[in-house]
Each structure stands twice: as structure tokens, then as C-alpha cells.
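Colleague: Sequence first, predicted model second:
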Amino acid sequence: MDLPDEVLPLSWLLGQWVGVGTGHYPTIEDFRFGQELSFTCDGRPFIAMNSRSWILDDEGNRVRPGATEAAFFRPRPDNQFEALFSHPTGFAEVWHGRVTIADIQDARITRASLEMTTDTVMRTESAKEYIGGQRLYGLVPDGDLAWTFDMSAVGEPLTNHLAAKLQRV
């Protein structure tokens, strides 16, 4: 499919990704998770993201479902973007950020990153307190997608919560 020009700086995200990550936060026990992440474009000038994860035991077996989220990345001029995230746990976020292209080989983006910060967090009455975050996604030299999420929640300052490395499938 021909991608809209606006989407090209984010095109390195497109596809299916799977892998393993770790989670921790001052208020919970550390954990490992498996994740499936997809980025798609239907020809319009945005990228849709869907993520689902599972808590893993020490042998890598799925113990129970973990987080799930859906998002839309909307490119803006000068490699900026806006993103909208929605979570079934009762909150939605508006993010803003910037894409950096670090290397292109044979007309393909081979190293890139996107950094984003929450602009707004909306919570339902029953959702846990979560007031903001920062995310970093990077296409690393071996072709994997590495990402990390720092959050400020339940009275804690901005602290790393999740990190994962995913392979394209």
C-alpha cells in the first residue's frame, strides 16, 4: 500500500511485533510480561496501534492477561505527532511528541525513535490515580523495537514502569 506522505516518518513502526518485557513500580512487585503489538495504516494519514500483554511466570508461560491498549498516532509537521491512547482500565491519554530518523539504508528507515509526553490524562471515577507519563520507542540497530514507559501514578513521581524489546514477525 502506498502510505500518505504524512505517515512516512512513522512508517518504521508498521507491522506486528512480539517479545518480552519487565515491569516494576514502587507500589507493586516486579513482573515479566509477553507482548503482541501491531501498528497499521489503512491509507489515511494516521497509524493505529493495538497492544495486548500477558503476565509471565519464571519459565515464560502465560499466567494471566496483562495490559491492553489501543492508540492512534497522528503525524504533524516537522516530524511532530499527536497520539490518542485508550485503556479498558478507565483512562484515556493525549500525547505529543517527536520522531527522529537516525539512519536510512536503501530507502528504508533502519534506526529511529519517537519520544512522547502526556498532554492530558482523563480517568473514570473508578480508575486508579494516574497523572502523566513519558514513552520512548526506538528501532534499534538489530531491527528490534525497544520501548520504555515512565509514569506518575498513585502518589509517586515520574518513575520507570515498563520496558520491552520486541521482534518483528
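Modeller: Happy to help now that I have it.
Colleague: So what touches stretch 11-23?
Modeller: 3, 30-41, 47, 49, 53, 56, 60, 73, 109, 112, 114, 137, 139, 144-145, 161-169 (CB atoms under 8 Å, 6 or more residues apart in numbering). C-beta: built from backbone N, CA, C; applies to glycine.
Colleague: List buried residues within those.
Modeller: With neighbours counted using 16 or more other CB atoms under 10 Å, the contacts of stretch 11-23 contain these buried positions: 31-39, 41, 47, 49, 53, 56, 73, 109, 112, 114, 137, 139, 145, 161-162, 164-166.
Colleague: Check what pLDDT M1 gets.
Modeller: Listed pLDDT for M1 reads 64.
Colleague: got it, and D106?
Modeller: Listed pLDDT for D106 reads 92.
Colleague: Could you check how far it is from Q35?
Modeller: In this structure, D106 and Q35 are separated by 29 Å, where distance is defined by CB to CB, to the nearest Å.
Colleague: ok, back up a step: out of the contacts of stretch 11-23, list just those in strands.
Modeller: Of the positions in those, 30-40, 47, 49, 53, 56, 73, 109, 112, 114, 137, 139, 145, 161-168 sit in strands, assigned by DSSP state E.
Colleague: mind checking the end-to-end distance for stretch 33-47?
Modeller: Using CA to CA, to the nearest Å, one end of stretch 33-47 lies 24 Å from the other.
Colleague: How about the contacts made by V169?
Modeller: For V169, counting by CB under 8 Å, 6+ apart, the contacting residues are G15, Q16, W17, V18.
Colleague: rerun at 10 Å
Modeller: With contact taken as CB atoms under 10 Å, 6 or more residues apart in numbering, V169 is in contact with G15, Q16, W17, V18, G19, E36, S38.
Colleague: What subset of those residues is buried?
Modeller: The neighbour count (16+ other CB under 10 Å) marks W17, G19, E36, S38 as buried among the contacts of V169.
Colleague: Would you reformat these as CSV and include pLDDT and distance to L10?
Modeller: What follows is the buried ones among the contacts of V169, written out as CSV (pLDDT from 0 to 100; distance: CB to CB, whole Å):
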residue, pLDDT, distance to L10
W17, 98, 14
G19, 98, 20
E36, 98, 19
S38, 98, 14
